[in-house]
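> What follows is a protein structure lacking sequence information:
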């Protein structure tokens, strides 16, 4: 009979959970056919906020591998619960226990293969499954605590360390072709770059500037990612707000009288009012001789946005495709939000509008210098 092994997964949370010190919280155990999963109460890592800053110069993989170390200083006097010290926890540990794990070192894929995709598709246990387990607990914690800002974690912004151990928690014997530890680092950092063009553009808007609500709503939608459903819902609201405004501004030059326009848009039975599809198609064409339907790519993206939004608000999950069989991924959602931004820009081309969104483009090249890596990213249109 083989001795079970442990795959210890440690996840660095993007926020702190203050746990009342001195409690004996029992780990949560989930027994499945071939493995046992144990989720432990969150603890305090050795990572500081300064380590995570882009200016820290600390290699991301070094941060991931440091998740293995325990912080000797757990309790803090800064935040108290009922007068008792708390543990500012930011580390979640999940142990997978089973007879064996595939620890073989990955071979290189075809030319151009993203090494991260090799890790994501080959590491055992799968990273997607690890985060599903973590997010199951985090979601329950969020609901019972009414903690809105404490969102699910995702692979794009999360540090993870998987350590393979003996059943007693001791290190495995080193073997040249087998992993003992695998680290995963974020792929996304958020920053705002400014040069003289950005400074001058912001100044040119003036002190009395008020942005269109649709543009702010869409920026807020981007900020909600990777929460797909809420982001897509807010993007749809942005388009609904803007098309209503565009149509109202187009009426005076169209010859349509105020009484007729009111009758079209304010029917006694609300379901007889024009749909959002009608607004972007038939009504817009009637008032401006243009329809979003004429723009094939934008119309396709618009229809997908509507479908994803409708499935989310009616079933709780954004889905697309035939028989709604394809869940919307964060990457697909980001693409749909970009389409919504292009639709706002397309509406700005209508000559009769009094209001327009703000649109600037500043091509830039970002270079991130780390002790062991140099990363260059280009943004904007050249």
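That came in fine, so what should we check first? If you're wondering where the values come from, they're calculated on a predicted model, not measured in any experiment. Numbers count the residues shown, from 1 in each chain.
> how near is residue 114 to residue 313?
Relative to residue 313, residue 114 is positioned 34 Å away (criterion: C-beta to C-beta, to the nearest Å). The C-beta positions use only the backbone N, C-alpha and C, and glycine is treated the same way.
> what's the answer for residue 134, then?
In this view, residue 134 and residue 313 are 26 Å apart by C-beta to C-beta.
> out of these two, which sits in the busier spot?
Just comparing residue 134 and residue 313: by other C-beta atoms under 10 Å the higher neighbour count belongs to residue 134, 21 against 13.
> element containing that one, please.
Assigned by DSSP states H and E, residue 134 belongs to helix 127-145.
> Give me the contacts around that helix.
Outside of helix 127-145, the residues within contact range by C-beta atoms under 8 Å, 6 or more residues apart in numbering are 9, 11, 17, 28, 30, 37, 39, 92, 94, 119-120, 147-148, 150-155, 158, 160, 162, 184.
> Which members of these are classed as buried?
9, 11, 17, 37, 39, 92, 94, 119, 150-151, 153-155, 158, 160, 162, 184 (16 or more other C-beta atoms under 10 Å).
> Tell me which of those residues fall in strands.
Using DSSP state E, 9, 11, 17, 37, 39, 92, 94, 160, 162, 184 are the members of these that sit in strands.
> could these go into JSON lines alongside distance to residue 266 and pLDDT?
Supplementary listing: these in JSON lines, determined by distance: C-beta to C-beta, whole Å; pLDDT from 0 to 100:
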{"residue": "9", "distance to residue 266": "56", "pLDDT": "97"}
{"residue": "11", "distance to residue 266": "52", "pLDDT": "97"}
{"residue": "17", "distance to residue 266": "49", "pLDDT": "95"}
{"residue": "37", "distance to residue 266": "56", "pLDDT": "96"}
{"residue": "39", "distance to residue 266": "53", "pLDDT": "97"}
{"residue": "92", "distance to residue 266": "52", "pLDDT": "97"}
{"residue": "94", "distance to residue 266": "55", "pLDDT": "97"}
{"residue": "160", "distance to residue 266": "53", "pLDDT": "96"}
{"residue": "162", "distance to residue 266": "59", "pLDDT": "96"}
{"residue": "184", "distance to residue 266": "54", "pLDDT": "93"}
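> And those, which is closest to residue 209?
For those, the residue nearest residue 209 by C-beta to C-beta is residue 17; the value is 39.6 Å.
> for that closest one, what are its contacts?
When the contact criterion is C-beta under 8 Å, 6+ apart, the partners of residue 17 are 42, 89-90, 141, 150.
> Residues in a beta bridge with it, which ones?
residue 89 (DSSP bridges).
> quick one: average confidence on stretch 289-306?
Averaging the model's pLDDT scores along stretch 289-306 yields 96.
> Need the nearest residue in space to the residue nearest the centre of the chain, chain neighbours excluded.
By C-alpha atoms, centre = their mean, the chain has its centre lying nearest to residue 226, at 1.7 Å. Take residue 226 and drop its neighbours on the chain: the residue closest to it by C-beta to C-beta, 6 or more residues apart in numbering is residue 330, 3.7 Å away.
> Near the one you found, how many other residues are there?
15.
> isn't it right up against residue 230?
No - under the criterion of C-beta atoms under 8 Å, residue 330 is not in contact with residue 230, lying 11.9 Å apart.
> Tell me the buried residues in stretch 189-203?
In stretch 189-203, not a single residue counts as buried (criterion: 16+ other C-beta under 10 Å).
> what's the span of it, first residue to last?
Using C-alpha to C-alpha, to the nearest Å, the gap from the first to the last residue of stretch 189-203 comes to 26 Å.
> cool, stretch 349-365 as well?
Between the opening and closing residues of stretch 349-365 lies a distance of 29 Å (C-alpha to C-alpha).
> tell me the mean pLDDT over that stretch?
Here the average pLDDT along stretch 349-365 is 86.
> Pull out the buried residues from that stretch.
Along stretch 349-365, the positions that meet the burial threshold by neighbour count (16+ other C-beta under 10 Å) are 350, 357.
> which stretches of this structure have low pLDDT?
Counting by pLDDT under 70, the chain shows low-confidence ranges at 1-3, 108-113, 268, 370-377, 379-382.
> And the helices in it, which stretches?
The residue ranges that make up the helices of the chain, judged by DSSP state H, are 49-52, 60-65, 115-122, 127-145, 196-204, 213-224, 228-250, 258-265, 276-278, 284-288, 296-315, 330-347.
> May I see the ones you listed arranged in JSON lines, with distance to residue 363 as well?
As requested, those are arranged in JSON lines below (distance: least, C-beta to C-beta, whole Å):
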{"stretch": "helix 49-52", "distance to residue 363": "28"}
{"stretch": "helix 60-65", "distance to residue 363": "26"}
{"stretch": "helix 115-122", "distance to residue 363": "26"}
{"stretch": "helix 127-145", "distance to residue 363": "34"}
{"stretch": "helix 196-204", "distance to residue 363": "10"}
{"stretch": "helix 213-224", "distance to residue 363": "20"}
{"stretch": "helix 228-250", "distance to residue 363": "25"}
{"stretch": "helix 258-265", "distance to residue 363": "41"}
{"stretch": "helix 276-278", "distance to residue 363": "34"}
{"stretch": "helix 284-288", "distance to residue 363": "32"}
{"stretch": "helix 296-315", "distance to residue 363": "23"}
{"stretch": "helix 330-347", "distance to residue 363": "17"}
